[in-house]
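[1] take this sequence and fold it.
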Amino acid sequence: MEMERQETYDIMAVCLLAGKIMLQSGAETYRVEDTMMRIAASFGAHQSHPYVTPTGILFSVEGTEPTKTKLIRIIERTTDLEKVASVNGISRKISAGEFTIEEAYKELKKISESGSPYSLWVHVLAAAISSGCFLIMFRGSWGDFFPAFVTGGLGFLSLLYFHQLVPIKFFSEFSASLLIGLQALFFVSTGIGGELDKIIIGSVMPLVPGLLITNAVRDLMAGHLISGLAKGADAFLTAFAIGAGIAVTFSFL
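    Numbers count the residues shown, from 1 in each chain. Alright, predicted model coming up:
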């Protein structure tokens, strides 16, 4: 009986760790719940009930008395689809019987403790290049590519810096968009840039919560109303922060 209880706890630990990694990395709510149930079923816990929200995971397993239930909080959320794919890969191997509980937990722990495979400057460079490319996509001129490149890169760098300074998303996104607007205004006023609106639009695109909006819609369509509405509200606040920062910039005109 004691061994069965301990095995149940081990299964729950693996499922909760997998769910935590996926939720923190930007996975949809229904995908997290489905993965947790599949892992539990593969280890013999067929009566599992995960309940996932953007800020926490509640997981319960039946079959032993009393019923086991655990709760974990989710504080930080980011976008790292590579980790989501890695957890899905481990889940498939568990379903195929290639991992024991201990091996699966060790592999998931490695993923959880691993940082981003790309350095800070690679992220900033990618944001800068994408800003310039978005400007061209929105029919901007090639002469504005460099201003958008610089503005988008510095804006994304300031987002990361302000978020470390004050871990409040609204503040960091507002500050970053304000800085983007001021930089774009500087480039246009000095004659280096031509179209202020195109430079701003291209530069703020790395800040736009595209994945968050997509996940909100997908969760709503899958019937996860609380998670869908919460993620939608989060995306709205991000969009409002970006718009407010740019609006402050235009007040200087």
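[2] quick one: contacts of the host helix or strand of residue 134?
    If you go by DSSP states H and E, residue 134 is part of helix 120-137. Helix 120-137 is contacted by residues 116, 118, 142, 144-146, 148-153, 155-157, 160, 198-199, 201-203, 205-206 when judged by CB atoms under 8 Å, 6 or more residues apart in numbering. For the C-beta atoms, the positions are set from N, CA and C on the backbone; glycine is no exception.
[3] buried set for the longest helix along the chain?
    Secondary structure assigned by DSSP state H gives helix 225-250 as the longest helix of the chain. Buried residues in helix 225-250, counting neighbours by 16 or more other CB atoms under 10 Å, are found at 227-228, 230-232, 234-235, 238-239, 241-242, 245-246, 249.
[4] packing partners of it?
    If you count contacts as 3 or more CB pairs under 8 Å, 6 or more residues apart in numbering; DSSP states H and E, helix 225-250 packs onto strand 48-53, helix 169-189, helix 196-204, helix 210-221.
[5] who wins for proximity to residue 5 among these?
    For the helices and strands packed on helix 225-250, proximity to residue 5 was assessed by CB to CB; strand 48-53 is nearest, at 15.3 Å.
[6] helix, strand, or coil at residue 72?
    strand (DSSP: H, G, I helix; E, B strand; the rest coil).
[7] what lies in contact with the one helix or strand residue 112 maps to?
    According to DSSP H and E, residue 112 maps onto helix 101-113. Contacts of helix 101-113 with the rest of the structure, by CB under 8 Å, 6+ apart, involve 7, 10-11, 13-14, 17-18, 20-21, 39, 43, 83, 86-87, 90, 93-94, 99.
[8] poorly predicted segments of the protein, please.
    1-3, 63-66, 253 (pLDDT under 70).
[9] spit out the contact partners of residue 99.
    Taking CB under 8 Å, 6+ apart as the test, what residue 99 contacts is 90, 93, 107.
[10] can you rerun that using 6 Å?
    residue 93 (CB atoms under 6 Å, 6 or more residues apart in numbering).
[11] what is the neighbour count of residue 204?
    26 (other CB atoms under 10 Å).
[12] check residue 120 too.
    10.
[13] show me what contacts residue 30?
    Contacts of residue 30 (CB under 6 Å, 6+ apart): 222, 224.
[14] so it sits in a helix?
    Yes. According to three-state DSSP, residue 30 belongs to a helix.
[15] from residue 21, how far out is it?
    Using CB to CB, to the nearest Å, residue 30 is found at 16 Å from residue 21.
[16] then residue 92?
    15 Å.
[17] residue ranges of each domain in this structure, please.
    For the chain, automatic domain parsing gives the domain ranges 2-113, 120-250.
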